[in-house]
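1. Quick one: sequence plus predicted model below, questions after.
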Amino acid sequence: QVQLVESGGGSVQPVGSLTLSCAASGFITEYYVIGWFRQAPGKEREGVSAITSTDGNTYYTDSVKGRFTISRDRAKNTVYLQMTTLKPEDTAVYYCNLAEIRGNYWGQGTQVTVSS
């Protein structure tokens, strides 16, 4: 079983920055994709960014390209999402996700609120 624990959410003004962290624990296979989804009120959950465990290939949804950066610390099994130039439309609950051959795992979610 894999456990994911997120941290780093909060409230920030527009054009501010936040960094989210997700620490994975438990039995984790060598090959996986880990990243972030978000869900705003009344909207479907969407993929935001992801990174592969081995070669570090990254993915970003169009709306965050150039503003968000995903990175990983393989030794700590931790992934980070650095968010800059935040906009009100980035307000959502952000969920960490790890996908590997045995299944799909989710964190409990962390709230990010961008408001003046």
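-> It's in. Numbers count the residues shown, from 1 in each chain.

2. any idea which residue of the chain is furthest from its center?
-> residue 116 (23.2 Å; Cα atoms, centre = their mean).

3. For that residue, give its distance to residue 65.
-> 24 Å (Cβ to Cβ, to the nearest Å). Every C-beta, even on glycine, is put in place using the N, C-alpha and C of the backbone.

4. Could I get the contacting residues of the residue nearest to residue 38 when sequence neighbours are not counted?
-> In space, and not counting its chain neighbours, residue 38 is closest to residue 92: 3.8 Å by Cβ to Cβ, 6 or more residues apart in numbering. Residues counted as contacts of residue 92 (Cβ atoms under 8 Å, 6 or more residues apart in numbering) are 38-40, 43, 111-112.

5. Which strand residues bridge residue 92?
-> residue 112 (DSSP bridges).

6. strand partners of the helix or strand containing residue 20, parallel vs antiparallel please.
-> Element membership of residue 20, judged by DSSP states H and E, is strand 18-26. Applying DSSP bridges, strand 18-26 is found paired with strand 2-7 (antiparallel), strand 78-83 (antiparallel).

7. Please look at residue 20 and residue 4 and confirm they touch.
-> No: here residue 20 lies out of contact with residue 4, judged by Cβ atoms under 8 Å, at a distance of 11.6 Å.

8. Between the two, tell me which one has more neighbours.
-> Taking neighbours as other Cβ atoms under 10 Å, residue 20 and residue 4 compare with residue 20 leading, 23 against 20.

9. Counting neighbours, what do you get for residue 37?
-> Using other Cβ under 10 Å, residue 37 has 21 other residues around it.

10. And it, how far from residue 13?
-> To residue 13, residue 37 is 24 Å away according to Cβ to Cβ.

11. ditto for residue 68
-> Going from residue 68 to residue 13 by Cβ to Cβ gives 17 Å.
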